[in-house]
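> Below are the sequence and a predicted model; questions follow.
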Amino acid sequence: MHVPDGYLDAATTAGTAAVAAAGVALALRGSRRELDERTAPMAGLTAAFVFAVQMMNFPVAYGTSGHLIGGALTAVLVGPWTAVLCMTVVLLVQALVFADGGLTALGTNVTLMGLVAVAVGYGAFAGLRRVLPDRRTGVLAAAGVGAFLSVPAAALVFAGLFGLGGVADVSLAAVAAAMGGVHLLIGLGEAAITVAVLGAVLAVRPDLVRGARHLTRSAGTLAPRPEAAGRPRTPNTTAPMPPAHPAAEQPALIRTDAR
């Protein structure tokens with residue numbers, strides 16, 4: 001999925017760079033509502049995981065390569081805006097340190113994997129979550145479908161960009177068939193890994209999954225009070241004692257008459 005330098009013409013490259021810059025700017029503002037004491041550490045761990053997964057590339061055709069993207073997984077874990085920032089950092093480090101994707105094509109790669117994959121993956125997840133059962137299985141199913149759709153969506157957008165400004169002597173139909181067909185298979189792997197990772201996190205710390213925090217809130221509202229769970233109630237020793245009868249409070253008066 002990483003687009004190399006010189007694969008698109010200057011106009012298309014500049015256009016995707018402008019789209020990527022605008023998307024990252026919006027993500028910087030939107031992430032303020034998502035980052036907290038739980039999301040910030042999870043964002044770093046998720047970015048490291050996505051970085052490692054994306055480094056496992058395999059060739060597709062016509063100078064392109066395929067790999068797992070991780071946009072939907074990141075969005076479900078830390079939120080869509082923070083996911084855009086995580087994907088951008090991962091792609092920047094890959095381009096600077098490992099030459100995985102060109103520097104001039106960084107805007108194109110951010111647009112494809114940081115914007116399109118995250119938007120399609122999280123959009124499908126959020127839409128399905130409203131209709132699927134409000135349980136752990138519903139969250140995993142929605143995330144799996146979103147992860148699957150995000151991969152061929154990004155591949156087809158790349159095919160469209162190639163149709164606008166591709167400089168290689170390859171037909172658009174050939175690029176679309178190669179990218180679309182192979183990335184359907186990659187999407188299945190992306191869905192499987194997304195469900196596996198989310199299932200593991202939900203089993204241990206569901207509060208760390210931003211897209212599933214409604215499950216922890218629902219569980220909290222239904223949790224029984226200690227009295228209802230069989231815990232003995234502590235007697236209230238500070239309650240005032242009822243007043244004694246007035247006749248018992250005053251001593252009897254004995255009158256003696258000395259004659």
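In hand now; what should we look at?
> so where's the chain uncertain?
In the predicted model of the chain, residues 1, 57-66, 216-259 satisfy pLDDT under 70.
> Can you give me the buried ones in the biggest helix by length in it?
What stands out as the longest helix in the chain, according to DSSP state H, is helix 172-204. By neighbour count with 16 or more other C-beta atoms under 10 Å, helix 172-204 contains the buried residues 175-176, 178-179, 182-183, 186-187, 190-191, 193-195, 197-198, 201-202. (Each C-beta comes from the backbone N, C-alpha and C, glycine too.)
> what's the answer for stretch 27-41, then?
Neighbour counts over stretch 27-41 (16+ other C-beta under 10 Å) mark 27, 30, 31, 34, 35, 39 as buried.
> who's in contact with it?
Stretch 27-41 is contacted by residues 43, 78, 79, 80, 81, 82, 84, 85, 88, 207, 208, 210 when judged by C-beta atoms under 8 Å, 6 or more residues apart in numbering.
> Give the next helix or strand downstream of the helix or strand harbouring residue 19.
Using DSSP states H and E, residue 19 maps to helix 10-30. Note on helix 10-30: by DSSP H and E, the next helix or strand toward the C-terminus is helix 39-54.
> Residue 175 is in contact with residue 161, isn't it?
No: at 10.0 Å, residue 175 does not count as touching residue 161 under the criterion of C-beta atoms under 8 Å.
> intersection of neighbour lists for those two?
What both residue 175 and residue 161 touch, as defined by C-beta under 8 Å, 6+ apart, is an empty set.
> what angle sits between the helix or strand encompassing residue 159 and helix 10-30?
Assigned by DSSP H and E, residue 159 falls within helix 136-165. For helix 136-165 against helix 10-30, the angle by axes from the mean of the first three to the mean of the last three C-alpha atoms, to 10 degrees is 150 degrees.
> any idea how far helix 136-165 is from the chain center?
Remark: helix 136-165 is offset 15 Å from the chain centroid, using C-alpha atoms, centre = their mean, to the nearest Å.
> For it, which helices and strands make contact with it?
Using 3 or more C-beta pairs under 8 Å, 6 or more residues apart in numbering; DSSP states H and E, the elements in contact with helix 136-165 are helix 10-30, helix 71-78, helix 117-131, helix 172-204.
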